[in-house]
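*Asks:* quick one, structure for this:
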Amino acid sequence: MPISLILGGAAGFIMHRAGFCMAGAFRDLFLFRQTFMLRQLLLLVVVSMILFEAARLVGLLPLYPFPLLGPPTLASLAGGALFGVGMVLAGGCVVGTLYKAGAGSALSAVALIGLIAGSTLYGEIHPWWGAFARATILGKGRLTLPEEFGIDPLLPITLSVAVAAVPLCYWIRTGKLQRRSAVSGYVQPWLAAVLLALTGLFSYLLVGMPLGITTAYTKLGAFVEQFIVPGHFAGLAFFKGLPLNYLYPLTQERLIGGPGPAFDAVAAVQYPLLLGLVLGGLLSAILAKEFRFYFRVPLRQYGSAFAGGLVMGLASRMTPGCNVWHVFGGLPILASQSLLFVLGLFPGAWLGGKLLTRLIIRD
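*Replies:* As a prediction, the model looks like this:
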């Protein structure tokens, strides 16, 4: 799908130029007591809230809430915590590893391998974890908070934006959203946040759902596993599911897909997005004359990158969904599952920071 390729390329380019790292935002909070990047994330969510709600009100979002969102369960909270651990250990999130790998980071490439392995590993625990998720559904099981309370989204969205506007206005007035930099071509993180919110809106309008990529990792792993252990793979129920089933907004064609190795609607949407993120980081690095294959790091950092990717990939299936899916897409519509995921990210990132300082950068 060319649209996904373009969106991925734009996001990868923007994030590389701004050094926009969601893993770093949570890591820095606990390791250095810095909140600079978390402010940018709040700005991104608020702008996305305004854009998504405006699009809904004028009838541009026939799919609301968007496909693949699930009910709030304790599985989302636990998955978010585990994802936070993996994100910090890997040194990047599911998207950050892609644009950094495109810019020449060997560590990110190793984390990417871990992501694929972890996403595939989930197939082994799916039966009992799925049962746990179904048994721990919270409240009425509605997808968003407005649905849970039976109210129109406009009121809670407006209140959320108004509350968040107070610190945002203060940070704008005091320059706390601005980063001093003399580097040519550098994109301020606040501008990157706005551009990424617009990218998410275009994805919602043109694809039918916000940016998301982790099922593509699962499909890649499934493709490999089916050749290595075909008999065992054939018995895994997870890879036979088809959770994606919706009408494509532009053509009204029904799109169906799942985590299995077949080239389906998920592959058509997420594979180009994945490739675009890598190429966006590569193009940005080349134009900025920053591209280099960086691999001379201690061996234990490679171990941390792989382990973090493995944990992150597993957690993205347990939740299900990744930080980009939930922060860029779910939070702006007050999706209950996304709220639980983000809540879990904080203790997870704290624990990941503790592990990082004691086991990896202890010297």
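*Asks:* could you pull out the strands for the protein?
*Replies:* 244-247, 254-257 (DSSP state E).
*Asks:* need those strands in JSON lines (columns: distance to residue 72, mean pLDDT and mean neighbour count).
*Replies:* Glycine gets a C-beta too; all of them are placed from N, C-alpha and C. As requested, these are exported to JSON lines (distance: least, C-beta to C-beta, whole Å; pLDDT from 0 to 100; neighbours: other C-beta atoms under 10 Å):
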{"stretch": "strand 244-247", "distance to residue 72": "20", "mean pLDDT": "88", "mean neighbour count": "16"}
{"stretch": "strand 254-257", "distance to residue 72": "24", "mean pLDDT": "92", "mean neighbour count": "16"}
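*Asks:* please report phi then psi for residue 68.
*Replies:* Backbone geometry at residue 68, expressed as degrees, to the nearest 10, gives phi 80, psi 0.
*Asks:* show me the contacts for it.
*Replies:* 209, 212, 243-244, 320-321 (C-beta atoms under 8 Å, 6 or more residues apart in numbering).
*Asks:* mind putting those residues in TSV, distance to residue 117 included?
*Replies:* TSV is the format used below for the contacts of residue 68 (distance: C-beta to C-beta, whole Å):
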residue	distance to residue 117
209	26
212	19
243	21
244	23
320	17
321	18
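*Asks:* buried subset of these as a ChimeraX selection?
*Replies:* To isolate the buried members of those in ChimeraX, using 16 or more other C-beta atoms under 10 Å:
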select :209,212,244,320,321
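*Asks:* now, which of the contacts of residue 68 sits nearest residue 101?
*Replies:* Proximity of those to residue 101 (C-beta to C-beta) peaks at residue 212, which lies at 18.5 Å.
*Asks:* what residues are up against the closest residue to the closest one other than its chain neighbours?
*Replies:* Nearest residue to residue 212, sequence neighbours excluded (C-beta to C-beta, 6 or more residues apart in numbering): residue 325, at 4.1 Å. Residues in contact with residue 325 (C-beta under 8 Å, 6+ apart) are 210-214, 338.
*Asks:* circling back: would you turn the strands of the chain into CSV with distance to residue 18?
*Replies:* CSV is the format used below for those (distance: least, C-beta to C-beta, whole Å):
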stretch, distance to residue 18
strand 244-247, 31
strand 254-257, 32
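*Asks:* wait, isn't residue 209 in contact with residue 64?
*Replies:* No: between residue 209 and residue 64 there is no contact under C-beta atoms under 8 Å: 10.4 Å.
*Asks:* can you pull the buried residues of stretch 181-190?
*Replies:* Those would be 187-190, for stretch 181-190 by 16+ other C-beta under 10 Å.
*Asks:* should've said stretch 65-81
*Replies:* For stretch 65-81, using 16+ other C-beta under 10 Å, the buried residues are 65-73, 75-81.
*Asks:* against residue 4, how distant is residue 213?
*Replies:* 10 Å (C-beta to C-beta, to the nearest Å).
*Asks:* residues shared between the contacts of the two?
*Replies:* With C-beta under 8 Å, 6+ apart, residue 213 and residue 4 have common neighbours 270, 273.
*Asks:* residues in contact with residue 218?
*Replies:* 116, 119-120, 122-123, 259, 313, 317.
*Asks:* tally of neighbours for residue 60?
*Replies:* 14 (other C-beta atoms under 10 Å).
*Asks:* in this model residue 206 seems to touch it, though I could be wrong.
*Replies:* No: with contacts counted by C-beta under 8 Å, residue 60 stays clear of residue 206, the gap being 10.4 Å.
*Asks:* closest to residue 137 among the contacts of residue 218?
*Replies:* The closest of the contacts of residue 218, once distances to residue 137 are taken by C-beta to C-beta, is residue 317, at 17.8 Å.
*Asks:* low-scoring stretches of the stretch 1-150 of the chain, by residue?
*Replies:* 1 (pLDDT under 70).
*Asks:* now, the buried residues of stretch 181-190 that are in helices?
*Replies:* 189-190 (DSSP state H).
*Asks:* ok, the buried residues of stretch 181-190 vs residue 22, which is closest?
*Replies:* Among the buried residues of stretch 181-190, and counting by C-beta to C-beta, the member closest to residue 22 is residue 189, at 11.3 Å.
*Asks:* let me see the contact set for the residue positioned nearest the centre of the chain.
*Replies:* Centrality entry for the chain: nearest residue to the mean C-alpha point is residue 324, 2.3 Å, by C-alpha atoms, centre = their mean. Residue 324 makes contacts with 22, 93-95, 211-213, as judged by C-beta under 8 Å, 6+ apart.
*Asks:* which ones are touching residue 316?
*Replies:* Neighbours of residue 316 in contact, by C-beta under 8 Å, 6+ apart: 79, 83, 94, 115, 118-119, 214, 217, 322.
*Asks:* repeat that for residue 278.
*Replies:* Counted by C-beta under 8 Å, 6+ apart, residue 278 has contacts 12, 98-99, 101-102.
*Asks:* number of nearby residues for residue 315?
*Replies:* Residue 315, neighbours per other C-beta under 10 Å, totals 30.
*Asks:* for residue 129, see how far away it is.
*Replies:* 11 Å.
*Asks:* re earlier: show me which of the buried residues of stretch 181-190 is closest to residue 41.
*Replies:* Closest to residue 41, out of all of the buried residues of stretch 181-190 and judged by C-beta to C-beta, is residue 189, at 9.4 Å.
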